[in-house]
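**Student:** Here you go, sequence then predicted model.
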Amino acid sequence: IRQTPEVILDVLGEGRVVGEMAFVDESERVADVRALDEAVVRHWSRDELLRMLEGDTSLSSRFYAALSSAAVSRLRATDQYALGVIGLQNTSRKSGVSAAVAEEARSIAAVPRGVWGRIEQSTRNEAQDAHLLQEAETALLNLVETVEGWLTNVSSMARAQEAGAVLRNELRHWLIRTRTGLISIDRRGEQGARLSFLAHLLMNRPEGTDLIGERLDRVFLALPTPVGLRLRMTAAVDEVVRTIPQDRPAKITILQPSCGALLARLLPRLIKNGATIRCVDGDSQTLAFVDAGLQARPAGVQIEMVHENLVSLSEGRPVHEVSRQDVIVLNGLVDHLPARLVGSLLYWCSKQLADDGHVILTAMTPTSDVRAMEHLLSWPLVRRTPDDLTALFAAAGLKASVVTLDGETQHGGLVISAELSANGQV
């Protein structure tokens with residue numbers, strides 16, 4: 001039974017099974033299958049397959065185990081659609097508002113989907129056309145702009161999330177052809193997906209399942225937020241190097257090292273005088289990810305991975321004591337914390353600094369792609385203004401200054417460098 005408008009429930013790759021539910025209960029087919037490219041499909045009739053299974057108990061056991069696994073995977077792959085669309089339909093019975101929002105989401109999705117589908121068909125029949133590929137990029141840029149204006153006016157965060165779920169499912173087939181969309185949408189529940197997503201944004205190497213996917217990924221990586229993430233990291237590394245002692249090994253603490261990109265860029269610049277670096281995080285998986293990703297470890301630089309609950313640390317209950325530090329780095333940590341915890345962490349930092357030490361913090365300000373990052377790619381960030389953050393520094397007894405970043409002015413990347421106030425108090 002075809003949906004109107006059409007909805008893509010799943011994209012099947014090599015080795016995947018389809019039609020297993022109808023095989024189990026002999027029900028009527030409720031979805032159809034289309035091949036995106038040339039494909040080899042192996043087909044068994046129900047009677048033929050049953051005869052094979054009845055004659056081989058070992059095969060039967062493995063088959064039904066695989067069938068159960070495939071069914072579960074399919075349900076998990078489509079649960080966002082069920083929550084986002086069916087939930088909206090239930091809500092619409094009460095208020096009538098969510099149904100309208102869902103319909104608008106489908107209308108918005110139909111525009112780029114139509115453009116990309118036409119371009120894909122054209123590039124199959126002809127040589128790759130640079131003009132058509134540019135049109136594909138423009139369609140995504142227009143979508144980001146439309147999403148920003150549309151969801152800014154949605155009355156509540158809950159409804160914006162519902163609308164975003166519908167939009168993602170309508171465009172899923174196209175979004176997951178980009179590396180950015182694949183990680184943020186299809187693999188978001190996998191171990192290490194958050195770190196892999198951030199690493200991809202910082203590496204700035206467009207990837208896709210085909211040329212259209214690669215070009216769309218290039219657009220994602222050029223949006224203000226990814227650009228700001230890269231610029232703020234580069235500026236933070238420069239600021240660390242500027243503030244550390246030049247006559248002895250530096251003592252540096254990095255709170256929540258994230259995917260390790262900042263650490264990897266910092267290490268080569270510490271070779272001259274050496275350093276002791278403590279990477280502190282409450283997630284052992286993050287620490288393992290960072291440790292495994294360090295291909296070069298300069299002589300004279302000691303690196304310690306410290307498993308520490310950052311909330312307990314900010315509340316003055318650390319497990320590990322630390323000597324006075326020359327630099328404490330909070331790279332992106334405040335992107336996910338409420339103001340209360342940010343203030344507590346800054347206060348803790350002020351008590352760990354050497355007299356001439358510095359706290360270096362990176363953050364994101366509001367940008368023109370906030371809603372696209374949050375609802376299209378499911379990657380929300382807490383955004384703050386420089387004034388908001390400098391006020392939190394001041395409350396912690398730190399004198400803060402905003403570091404000037406190179407590049408365009410609308411990227412949203414922010415770096416703040418702070419030192420102890422004259423008396424260490426407000």
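**Tutor:** That came through, no problem.

**Student:** Only C-alpha atoms from now on, for both contacts and neighbour counts.
**Tutor:** OK.

**Student:** So which bits of the longest helix anywhere in the chain are buried?
**Tutor:** Ranked by residue count, the top helix of the chain under DSSP state H comes out as helix 97-125. Neighbour-count burial for helix 97-125 flags 98-99, 101-106, 108-110, 112-113, 115-116, 119-120 (criterion: 16 or more other CA atoms under 10 Å).

**Student:** Stretch 280-296 now?
**Tutor:** Buried residues in stretch 280-296, defined by neighbour count with 16+ other CA under 10 Å: Val280, Asp281, Gly282, Thr286, Leu287, Phe289, Val290, Asp291.

**Student:** Quick check: the fifth one vs Val311, distance?
**Tutor:** To Val311, Leu287 is 17 Å away according to CA to CA, to the nearest Å.

**Student:** So which helix or strand of this structure has the lowest pLDDT on average?
**Tutor:** When the helices and strands of the chain are scored by mean pLDDT, DSSP states H and E, helix 87-95 comes last with a mean of 44.

**Student:** Quick check: longest strand in the protein by residues?
**Tutor:** strand 353-364 (DSSP state E).

**Student:** what mean pLDDT does that strand have?
**Tutor:** For strand 353-364, mean pLDDT rounds to 96.

**Student:** Distance from the chain centre to that strand, please.
**Tutor:** 26 Å (CA atoms, centre = their mean, to the nearest Å).

**Student:** Read off the pLDDT value for Leu262.
**Tutor:** 95.

**Student:** ok, now Asp37?
**Tutor:** 61.

**Student:** do the same with Val40
**Tutor:** Val40 is given a pLDDT of 79.

**Student:** Tell me if I am right that it is in a helix.
**Tutor:** No: assignment of Val40 by DSSP: H, G, I helix; E, B strand; the rest coil gives coil, placing it outside any helix.

**Student:** ok, it to Leu361 distance?
**Tutor:** 53 Å.

**Student:** Look up the closest residue to Arg371, ignoring the ones flanking it.
**Tutor:** Counting by CA to CA, 6 or more residues apart in numbering, Arg371 lies nearest to Glu148, which is 5.2 Å off, once chain neighbours are set aside.

**Student:** Ser378 too?
**Tutor:** Ser184 is the one closest to Ser378 (CA to CA, 6+ apart), at 6.4 Å.

**Student:** Now secondary structure too, for the buried residues of stretch 280-296, in CSV please.
**Tutor:** Below are the buried residues of stretch 280-296 laid out as CSV (three-state DSSP):
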residue, secondary structure
Val280, strand
Asp281, strand
Gly282, coil
Thr286, helix
Leu287, helix
Phe289, helix
Val290, helix
Asp291, helix
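
**Student:** can you pull out the helices in the stretch 51-200 of the chain?
**Tutor:** For the stretch 51-200 of the chain, the helices defined by DSSP state H, counting those that start in this stretch occupy 57-81, 87-95, 97-125, 130-152, 157-175, 179-181, 193-203.

**Student:** Flag whichever of those has the least confidence on average.
**Tutor:** Mean pLDDT per stretch puts helix 87-95 lowest among those, at a mean of 44.

**Student:** Just to check, Glu419 is in contact with Val359?
**Tutor:** Yes: Glu419 lies in contact with Val359 (CA atoms under 8 Å); the separation is 6.4 Å.

**Student:** Among those two, which residue is more densely surrounded?
**Tutor:** Higher neighbour count among Glu419 and Val359: Val359, with 30 against 22, using other CA atoms under 10 Å.

**Student:** Does the more buried one touch Asn331 like I think?
**Tutor:** No: judged on CA under 8 Å, Val359 makes no contact with Asn331 at a distance of 10.4 Å.

**Student:** pLDDT at Ala235, what is it?
**Tutor:** For Ala235, the predicted pLDDT is 96.

**Student:** Name the SS class of it, please.
**Tutor:** Classified using three-state DSSP, Ala235 is helix.

**Student:** Spit out the contact partners of it.
**Tutor:** Val403, Leu405, Val415 (CA atoms under 8 Å, 6 or more residues apart in numbering).

**Student:** okay, now the residue nearest to Ser378: neighbour count?
**Tutor:** Applying other CA under 10 Å, we find 23 residues neighbouring Ser184.

**Student:** Ala222 too?
**Tutor:** Around Ala222 there are 16 residues (other CA under 10 Å).

**Student:** what do you get for Ala130?
**Tutor:** Around Ala130 there are 9 other residues, counting by other CA under 10 Å.

**Student:** Give me the distance between it and Trp379.
**Tutor:** Counting by CA to CA, the separation of Ala130 from Trp379 is 31 Å.

**Student:** tell me which residues in the helix or strand where Leu229 lies are buried?
**Tutor:** For Leu229, the enclosing helix or strand under DSSP states H and E is helix 224-243. For helix 224-243, a neighbour-count test (16+ other CA under 10 Å) marks 224-237, 239-241, 243 as buried.

**Student:** same thing with stretch 298-315?
**Tutor:** Of the residues in stretch 298-315, those buried (16+ other CA under 10 Å) are Pro298, Val301, Ile303, Met305, Val306, His307, Glu308, Leu310, Leu313, Ser314.

**Student:** What helix or strand is the third one located in?
**Tutor:** This means Ile303. Assessed by DSSP H and E, Ile303 sits inside strand 301-307.

**Student:** chain center to that strand, what's the gap?
**Tutor:** With CA atoms, centre = their mean, you get 26 Å for strand 301-307.

**Student:** ok, residues contacting it?
**Tutor:** Under the criterion CA under 8 Å, 6+ apart, residues 267, 270-271, 274-284, 287, 291 lie in contact with strand 301-307.

**Student:** what's the answer for stretch 386-402, then?
**Tutor:** Residues from elsewhere that reach stretch 386-402 (CA under 8 Å, 6+ apart): 339, 342-344, 346-347, 350, 365, 414-421, 423-426.
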